[in-house]
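Trainee: Mind looking at a prediction? Sequence and model below.
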Amino acid sequence: MGMEDETRAFLVLIANTISKVLLWMMANVFFGIYMGWGFFEISPDWKNWLYYFLFGASFVLLFWHLKRKWKI
């Protein structure tokens, strides 16, 4: 028993979306928490500024990409 093509494409789209968001989250957790770039003592260092800039830019790009993918 085969699955309909439209249903299969929809489920693949959902799986791809979840995997991309989880990969983005894991990368941000790694660099933000494990590498310590998300925290600063008294004032932010250049690594903190770079992390937060890339965090925001990558979030905007991820959102834009997923919005384009879901436009079907």
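Mentor: Thanks, I have it. Numbering: from 1, shown residues only.
Trainee: what's residue 33 in contact with, if anything?
Mentor: Residues counted as contacts of residue 33 (C-beta atoms under 8 Å, 6 or more residues apart in numbering): none. Using the backbone N, CA and C atoms, a C-beta is placed for each residue, glycine as well.
Trainee: now the helices for this structure?
Mentor: With DSSP state H, the ranges of helices along the chain come out as 5-29, 46-69.
Trainee: Can you tell me which helices and strands the last one packs against?
Mentor: Spelled out, it's helix 46-69. helix 5-29 (3 or more C-beta pairs under 8 Å, 6 or more residues apart in numbering; DSSP states H and E).
Trainee: Report pLDDT for the residue nearest in space to the middle of the chain.
Mentor: The centre of the chain sits closest to residue 24, judged by C-alpha atoms, centre = their mean, with a distance of 2.9 Å. According to the prediction, residue 24 has pLDDT 96.
Trainee: Excluding chain neighbours, what is closest to it?
Mentor: Closest residue to residue 24 apart from its sequence neighbours, by C-beta to C-beta, 6 or more residues apart in numbering: residue 62 at 5.4 Å.
Trainee: Could you report the pLDDT at that neighbour?
Mentor: Listed pLDDT for residue 62 reads 96.
Trainee: which residues does it contact?
Mentor: Remark: with contacts taken as C-beta under 8 Å, 6+ apart, residue 62 is in contact with 20-21, 24.
Trainee: The same query, at a cut-off of 10 Å, please.
Mentor: By C-beta atoms under 10 Å, 6 or more residues apart in numbering, the contact list for residue 62 reads 17, 20-21, 23-25.
Trainee: Save these as TSV, and put in distance to residue 37 too.
Mentor: TSV is the format used below for those (distance: C-beta to C-beta, whole Å):
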residue	distance to residue 37
17	26
20	22
21	20
23	18
24	16
25	15
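Trainee: Give the burial count for residue 38, as a bare number.
Mentor: Residues lying near residue 38 (other C-beta atoms under 10 Å) number 16.
Trainee: Correct me if wrong: it contacts residue 50.
Mentor: No. Using C-beta atoms under 10 Å as the test, residue 38 is too far from residue 50 to be in contact (11.3 Å).
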